[in-house]
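Participant: build me a structure from this.
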Amino acid sequence: MMGMALVALDSTIVSTAVPQIVGDLGGFAVFSWLFSGYLLASTVTLPVYGKLSDTFGRKPVLVAGVIVFLAGSLLCATAWDMTSLIAFRIVQGLGGGALQGTVQTIAADLYPLRERPRIQARLSTVWAVSAVAGPSVGGLLARYADWRWIFLINLPVGLLALWLVVRHLHEPDRTGAGSPDPEGGAARRAVRVDWPGALAVFAAGSALLIALVQGGVAWPWLSPPSLALLGAGTLLVAVTVVVERRAAEPILPGWVWRRRPIAAVNLALGALGLLMIAPTVFLPTYAQSVLGLGPTAAGFVLSVMTLSWPVSAALSNRVYRRIGFRDTAIIGISAAALVLAAFPLLPHPGAAWQPALLMLLLGAALGLFQLPLIVGVQATVGWAERGTATASILFYRQIGQCVGAAVFGAVANAVITDRLGPAGDLDSVARSLADPAALTAGSADALRRAVDTAVDHVYAGAAVAAVLALLVLVFLAPRRFPVIAEATEPSAEAPSAARRAE
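Facilitator: Have a look, this model is predicted:
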């Protein structure tokens, strides 16, 4: 939980200090890379860290992740311009990728199937607390101290996490020649790391994510930079496939897509990343621009989702132990689709409690959707595959977020341009509404209605993404996940003690 707090706090605490950072260092035109660079580094390294944790164990990967993250934080506090700060944020992201996947994998290693929802809910609570406390702490530090403290505050948290992990996390030696297989099989051969595959995954992911993040923002979608990056990314994906097929221990093994439960969950959580862009990116803009709320109140409208999510996740085992992982997730994503589809029906301008209520319901629905799928996949693989499987589903969820940001950003800007003409886009409209005194009443109302319509279209698109996830679960996911029975725990999905047949 302390290790997860590093990632969770960092994702919320930095955004509130952006004005102070830009005022001190400059670089307003590229400040979005403070977030894009971090996301890029943490996403493309997820599969690499997953495979490394299966090869060398979870503890060394987690310890290395914390150290790299803290080194990045310290470097960020010493940045002298925006370019250096962005570079150091990428270093942070390299550590953050190790933390995200490895913590989830350790939870599955340490706790039997019956207890995992409770433990995962505690990890989700870290995100909920961070969503509420992060913006406030970041604002206070930026206002009364210095923005550099938002990075230095990571040091005591990270050092405590590091001490706890080194002192108290004990795992048997499961690597190396002659080591017994943790699932009872024959001795494992000496480990080999697929470094060419890791480099290929990193290069392909970087090219495609940069194209998605910057397309339509830094340059038009059909401009030479976008086309060059998309072309290079596609070529590098082909190279990655060739490299991974020849590798003895690939970073992205083929079984991730050959096994129906994992392939279906990859696609379903990719759709989850897609739909999550609506509340996390566009709801705060809607709350401030349309409802007229301040940043703190707008953050609260979003944060109620993070309050219901862990509660629902903690209770999900009572459902999936009765009806199975897939059917529980189907109930959750069906409810989420209805909630997202209800958002465009809200009145204009409406009251703040209305979107807040929808977000509360959305968090409850997604808690029933995501956690059973993660636990279900982890239960179908042994120790030697669990890190790779967990990193895979988190990787595709992150990819979904990048695709969602690009797609829904284009949708929102297209709607606003249609309403206001070529001079209008979401960013310029939001900046105009931040200073309503400079606008006439008619102009302000027209801008608010344009933002309202744009966000309605985004939520409608998010509902479509939820329906796509539902279709994936109905038609691709097996009705019963082939769970590996645990010696101390009856299987939630397969009562027999037989192992899953490969």
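Participant: mind checking the SS state of W147?
Facilitator: coil (DSSP: H, G, I helix; E, B strand; the rest coil).
Participant: that one: neighbour count?
Facilitator: Neighbour count of W147, defined by other C-beta atoms under 10 Å: 25. Heads up, the C-betas are built off the backbone N, CA and C, glycines and all.
Participant: tell me the spacing between it and P19.
Facilitator: For W147, the distance to P19 (C-beta to C-beta, to the nearest Å) stands at 9 Å.
Participant: cool, C76 as well?
Facilitator: Taking C-beta to C-beta, one finds C76 at 17 Å from P19.
Participant: show me where the stretch 151-300 of the chain dips below the pLDDT cut-off.
Facilitator: 173-191, 216-218, 295-296 (pLDDT under 70).
Participant: re earlier: more neighbours: C76 and P19, which one.
Facilitator: Counted by other C-beta under 10 Å, C76 and P19 do not tie: C76 has more neighbours, with 26 against 12.
Participant: and the helix or strand where that one lies, what's buried?
Facilitator: Assessed by DSSP states H and E, C76 sits inside helix 58-77. For helix 58-77, the neighbour count (16 or more other C-beta atoms under 10 Å) marks 58-66, 68-77 as buried.
Participant: also stretch 473-486?
Facilitator: Here stretch 473-486 shows 473, 477-478, 480-485 as buried, counting by 16+ other C-beta under 10 Å.
Participant: save these as TSV, and put in pLDDT, secondary structure and distance to T234 too.
Facilitator: Putting the buried residues of stretch 473-486 into TSV (pLDDT from 0 to 100; DSSP: H, G, I helix; E, B strand; the rest coil; distance: C-beta to C-beta, whole Å) gives the following:
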residue	pLDDT	secondary structure	distance to T234
L473	95	helix	29
A477	92	coil	28
P478	91	coil	31
R480	89	coil	37
F481	90	coil	33
P482	88	coil	34
V483	85	coil	37
I484	82	coil	37
A485	69	coil	42
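Participant: so what's the residue count around R449?
Facilitator: 15.
Participant: now swap in V44 and tell me
Facilitator: 25.
Participant: so what's it up against?
Facilitator: Residues near V44 by C-beta atoms under 8 Å, 6 or more residues apart in numbering: 97, 201-202, 205-206, 209.
Participant: switch to 10 Å and redo it
Facilitator: By C-beta atoms under 10 Å, 6 or more residues apart in numbering, V44 lies in contact with 93-94, 97, 198, 201-209, 395, 398-399.
Participant: and if you look at L346?
Facilitator: 286, 290, 354-355, 357-358, 452, 455-456, 459.
Participant: stretch 9-17: end-to-end distance?
Facilitator: 13 Å (C-alpha to C-alpha, to the nearest Å).
Participant: if we can go back for a sec, any chance of the contacts of L346 in JSON lines, plus secondary structure, distance to Q120 and neighbour count?
Facilitator: Below are the contacts of L346 laid out as JSON lines (DSSP: H, G, I helix; E, B strand; the rest coil; distance: C-beta to C-beta, whole Å; neighbours: other C-beta atoms under 10 Å):
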{"residue": "Y286", "secondary structure": "helix", "distance to Q120": "30", "neighbour count": "29"}
{"residue": "V290", "secondary structure": "coil", "distance to Q120": "34", "neighbour count": "23"}
{"residue": "Q354", "secondary structure": "helix", "distance to Q120": "30", "neighbour count": "16"}
{"residue": "P355", "secondary structure": "helix", "distance to Q120": "27", "neighbour count": "25"}
{"residue": "L357", "secondary structure": "helix", "distance to Q120": "25", "neighbour count": "16"}
{"residue": "L358", "secondary structure": "helix", "distance to Q120": "24", "neighbour count": "22"}
{"residue": "D452", "secondary structure": "helix", "distance to Q120": "36", "neighbour count": "22"}
{"residue": "V455", "secondary structure": "helix", "distance to Q120": "31", "neighbour count": "28"}
{"residue": "D456", "secondary structure": "helix", "distance to Q120": "33", "neighbour count": "19"}
{"residue": "Y459", "secondary structure": "helix", "distance to Q120": "27", "neighbour count": "27"}
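Participant: closest one of those residues to I262?
Facilitator: Y459 (29.5 Å; C-beta to C-beta).
Participant: hmm, the closest one is touching V281, no?
Facilitator: No: between Y459 and V281 there is no contact under C-beta atoms under 10 Å: 11.5 Å.
Participant: give me the common contacts of those two.
Facilitator: Joint contacts of Y459 and V281 (C-beta under 10 Å, 6+ apart) are F408.
Participant: surely L368 meets G332?
Facilitator: Yes: using C-beta under 10 Å, L368 is in contact with G332, at 3.1 Å.
Participant: and for those two, which residues touch both?
Facilitator: Common neighbours of L368 and G332 (C-beta under 10 Å, 6+ apart) are 312-313, 316, 319.
Participant: neighbour-wise, which one of those leads?
Facilitator: A313 (29 neighbours).
Participant: A helix includes that one, no?
Facilitator: Yes: according to three-state DSSP, A313 belongs to a helix.
Participant: for it, give me its contacts.
Facilitator: By C-beta under 10 Å, 6+ apart, the neighbours of A313 are 117-118, 120-125, 332, 363-364, 366-372, 374-375.
Participant: one more time with 8 Å
Facilitator: So A313 contacts 117, 120-121, 124, 367-368, 370-371 (C-beta under 8 Å, 6+ apart).
Participant: among those, which lie within strands?
Facilitator: Residues of those located in strands (DSSP state E): none.
Participant: OK, contacts around the most centrally placed residue in the chain?
Facilitator: Taking C-alpha atoms, centre = their mean, the centroid of the chain lies closest to Q398, which sits 4.8 Å from it. Neighbouring residues of Q398 by C-beta under 8 Å, 6+ apart: 39, 42-43, 46, 273.
Participant: looking at those, spot the one nearest V339.
Facilitator: G273 (17.2 Å).
Participant: what about the closest one, neighbour count?
Facilitator: Around G273 there are 21 residues (other C-beta under 10 Å).
Participant: with adjacent residues omitted, what lies nearest to it?
Facilitator: G400 (2.6 Å; C-beta to C-beta, 6 or more residues apart in numbering).
Participant: can you classify that neighbour by secondary structure?
Facilitator: Per three-state DSSP, G400 ends up helix.
Participant: and it, how far is that from H348?
Facilitator: From G400 to H348 the distance is 29 Å (C-beta to C-beta).
Participant: of these two, which one has the most company?
Facilitator: Taking other C-beta under 10 Å, G400 and H348 do not tie; G400 has more neighbours (24 against 12).
Participant: these two touch, right, the more buried one and G270?
Facilitator: Yes: if you go by C-beta atoms under 8 Å, G400 and G270 touch, sitting 3.9 Å apart.
Participant: need the overlap of contacts for the two.
Facilitator: Common neighbours of G400 and G270 (C-beta under 8 Å, 6+ apart) do not exist.
Participant: what sits closest to V467 if chain neighbours are left out?
Facilitator: In space, V467 is closest to A337, 5.4 Å off (C-beta to C-beta, 6+ apart).
Participant: that neighbour contacts L471, correct?
Facilitator: No: in this structure, A337 is not within contact of L471 by C-beta under 8 Å, at 10.6 Å.
Participant: looking at those two now, which is surrounded by more residues?
Facilitator: Higher neighbour count among A337 and L471: A337, with 21 against 14, using other C-beta under 10 Å.
Participant: helices of the stretch 151-300 of the chain, start to end?
Facilitator: In the stretch 151-300 of the chain, the segments counted as helices under DSSP state H, counting those that start in this stretch are 154-168, 195-214, 224-246, 255-258, 260-277, 283-289, 295-323.
Participant: now those as CSV including distance to R386?
Facilitator: Shown next, in CSV, are those (distance: least, C-beta to C-beta, whole Å):
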stretch, distance to R386
helix 154-168, 18
helix 195-214, 19
helix 224-246, 19
helix 255-258, 12
helix 260-277, 11
helix 283-289, 34
helix 295-323, 19
